[in-house]
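# 3D, please:
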Amino acid sequence: MKKLTFFILSFLLLTVSAQKTPAYKSGEWLKFRIHYGIFNASYATLKLTSKDLNGTPVYHAVGKGETTGMARWFFKVDDRYESYFGRYDSKPYRFVRKIDEGGYTKDIEINFDYDKSSALLEDKKNKKDYNISINNKVQDLISASYYLRSNYDLDDFKIGESINIDMLYDDDGMYKFKLKFLGTDIVRTKYGKVECLKFRPYVQSGRVFKEQESLTLWVSNDLNKIPIRIKADLAVGSIKADLDGYNGLKNQFKIIMK
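Coordinates of the predicted model:
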């Protein structure tokens with residue numbers, strides 16, 4: 001289950017948008033309840049605020065995740081992710097990843113320099129620095145979610161079509177993230193029935209996920225495009241995550257009353 005909490009959170013949020021109205025605003029807060037087998041394994045939250053980073057107006061997204069209850073006895077998770085991305089260009093300028101997952105720890109910070117087409121990754125745990133080549137379209141693990149929510153149009157998108165995005169969040173360098181559109185679906189939630197867009201994020205099989213097509217993702221088919229549910233087949237067991245709370249949405253959250 002290493003890296004699990006924020007793999008789940010990030011894939012929950014890697015969505016595409018079909019409107020000209022902005023999908024989010026400063027003050028948006030989302031909470032997810034993650035179930036592993038019979039256990040209510042963990043909670044994950046994501047909060048968005050406005051800040052200024054070295055003279056650049058940015059959004060500051062902070063993601064947190066931790067195991068709770070009995071699951072904490074078997075596997076302790078205490079994660080924090082941060083992304084500072086441009087309010088007007090959606091480019092990530094700083095990314096922070098500080099995690100403790102069952103003794104597996106990481107403490108890195110990435111600063112993006114687009115003038116030099118380079119990113120400086122500081123591995124604070126191992127006291128190592130890496131210079132990584134980047135392009136102007138790169139996203140980090142968290143900024144990608146907001147970028148995709150507001151920068152893709154589904155008006156002419158067909159079932160089976162995919163989106164590819166360059167991503168950087170570790171010393172492995174940039175890699176291509178792929179997201180395939182599967183159509184629409186109705187999902188029952190604690191708030192009522194919600195019409196959703198359904199996606200298939202392609203992930204790396206191995207230690208965490210059973211195979212590349214292990215994840216299925218549902219996001220609200222409204223102007224917010226917030227994640228509603230995700231299901232995943234893991235190398236050991238399966239997991240489900242559901243939207244458990246929200247506040248400060250930019251647009252109305254649509255619920256099917258009948």
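# wait, doesn't E28 sit right on N251?
No. If you go by Cβ atoms under 8 Å, E28 and N251 don't touch, sitting 10.4 Å apart. C-beta coordinates here come from the backbone N, C-alpha and C atoms, glycine included.
# what about the nearest residue to I255 once chain neighbours are set aside, neighbour count?
Sequence neighbours aside, G192 is the residue nearest to I255 in space, at 4.2 Å (criterion: Cβ to Cβ, 6 or more residues apart in numbering). Residue neighbour count, defined by other Cβ atoms under 10 Å, stands at 12 for G192.
# look up how far S220 lies from G192.
12 Å (Cβ to Cβ, to the nearest Å).
# surely K106 meets R97?
Yes. Taking contacts as Cβ under 8 Å, K106 lies within contact range of R97: 5.7 Å.
# higher neighbour count, the two?
R97 (23 against 18).
# helix, strand or coil: sort out that one for me.
strand (DSSP: H, G, I helix; E, B strand; the rest coil).
# so what's it up against?
80-81, 106-109, 141, 169-170 (Cβ atoms under 8 Å, 6 or more residues apart in numbering).
# please apply the same query to W218.
For W218, the contacting residues are 185, 187, 196-199, 227-230, by Cβ under 8 Å, 6+ apart.
# what's opposite it in the beta bridge?
K198, R229 (DSSP bridges).
# distance check, it against V187.
W218 sits 5 Å away from V187, taking Cβ to Cβ as the criterion.
# and for these two, which residues touch both?
196, 228-229.
# got those residues as JSON lines, with neighbour count and pLDDT columns?
Shown next, in JSON lines, are those (neighbours: other Cβ atoms under 10 Å; pLDDT from 0 to 100):
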{"residue": "C196", "neighbour count": "23", "pLDDT": "93"}
{"residue": "I228", "neighbour count": "24", "pLDDT": "95"}
{"residue": "R229", "neighbour count": "21", "pLDDT": "94"}
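# below-threshold pLDDT in the chain: ranges please.
For the chain, the stretches flagged by pLDDT under 70 are 1-21, 37-41, 69-75, 153-156, 203-214, 234-237, 258.
# residue ranges of the strands in it, please?
Applying DSSP state E to the chain gives strands spanning 29-36, 39-53, 56-67, 77-86, 92-101, 104-113, 118-123, 128-133, 162-167, 175-189, 192-202, 215-220, 227-233, 238-247.
# tell me which of the ones you listed sits most buried.
Per-stretch averages of neighbours, counted by mean count of other Cβ atoms under 10 Å, single out strand 215-220 among the strands of the chain, with a mean of 24.
# follow-up on the earlier one: let me know the closest of the contacts of R97 to Y88.
L141 (21.2 Å; Cβ to Cβ).
# surely the closest one is in contact with Y169?
Yes. Between L141 and Y169 a contact is recorded at 4.0 Å, counting by Cβ under 8 Å.
# overlap in contacts of these two?
Joint contacts of L141 and Y169 (Cβ under 8 Å, 6+ apart) are 95, 97.
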